[in-house]
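here's a sequence, model it:
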Amino acid sequence: MLVLALDTATSAVTAGLLRLPAVGSPEVLAERVTVNARAHGELLMPSVCSVLATAGVSMRDLDAVVCGVGPGPFTGLRVGMVTAAALGDALGLPVFPVCSLDAIAYRAGTGSPLLVITDARRREIYWARYDECGARLDGPHVDRPLDLALDGVSRAAGAADVLGLPGELPLVPPRYPDPAGLVAVVAAAVRARATPGPLRPLYLRRPDAWAPGPRKRVTPV
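The predicted structure is shown next:
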């Protein structure tokens, strides 16, 4: 099966083409990860076209799309999700949602409790906690770094190094969701050709922009 993976939940714009065998790990045929928090809309489709061209594959050859659904900032996150939904609709493909923090956790590996963190901006973080087997125990949530309890966590992945967390907590890769992690999280469902869950964004807080309310009427004095 050929699977296109997308994620724009962080400052990285991620696109990858993977072959998913009947048994075993996804094989990355081509990937492109560009870190630019202000250009998700401009970079994503060129990245998709680039990975398809590198692998010598057309969109009609795809069997499924996998998309990170956050948590992430409103503007960036919706770029990837709208693109994934549009491709799925146009090509008649299933679109599988993945929590972006789960993709990071998968690639960070198992063996000890893990904290995954990404930058939520406004001096806040998105985070989730995982056990030594990689199962998510808590989250995703959005909080200030100083409000985060680190009891029982022995390592961190994601953007922990720039967000004011204690330096004694070892950092492990990856920093951003990558195509292999995104596909691996839902590999069983993709192989089974299961019906995907709803493509629902994990914003965790309201967007900055608000629709204006009705104009107040002024009563003459």
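
separation between residue 160 and residue 148?
Residue 160 sits 10 Å away from residue 148, going by CB to CB, to the nearest Å. C-beta: built from backbone N, CA, C; applies to glycine.

specify the residue ranges that define each domain of the chain.
Using automatic domain parsing, the domain ranges for the chain come out as 2-100+177-191, 101-172.

anything in contact with each of residue 160 and residue 148?
Common neighbours of residue 160 and residue 148, using CB atoms under 8 Å, 6 or more residues apart in numbering, are residue 115.

quick one, which of these two is more surrounded?
The residue with more neighbours, out of residue 160 and residue 148, is residue 160; 25 against 18, by other CB atoms under 10 Å.

what comes up buried for the longest helix seen in the chain?
Counting residues, the longest helix found in the chain (DSSP state H) is helix 74-91. Under the neighbour-count criterion of 16 or more other CB atoms under 10 Å, helix 74-91 has 76, 77, 78, 79, 80, 81, 82, 83, 84, 87, 88, 91 buried.

and the domains of the chain, which one is worst for confidence?
Ranked by mean pLDDT, the domains of the chain bottom out at domain 101-172, with a mean of 90.

distance from that domain to the middle of the chain?
Taking CA atoms, centre = their mean, to the nearest Å, the mean C-alpha location of domain 101-172 is offset from the chain mean by 14 Å.

tell me where the protein has strands.
2-7, 12-19, 27-35, 64-68, 95-98, 114-121, 124-130, 136-143, 155-158, 171-172 (DSSP state E).

who wins for proximity to residue 190 among the ones you listed?
When these are compared by CB to CB, strand 64-68 sits nearest residue 190, at 5.1 Å.

quick one: the closest one to helix 74-91, angle?
Interaxial angle, strand 64-68 versus helix 74-91 (axes from the mean of the first three to the mean of the last three CA atoms, to 10 degrees): 170 degrees.

just the buried residues of helix 74-91 now: which is nearest residue 200?
Residue 200 lies nearest to residue 81 out of the buried residues of helix 74-91, by CB to CB, at 8.8 Å.
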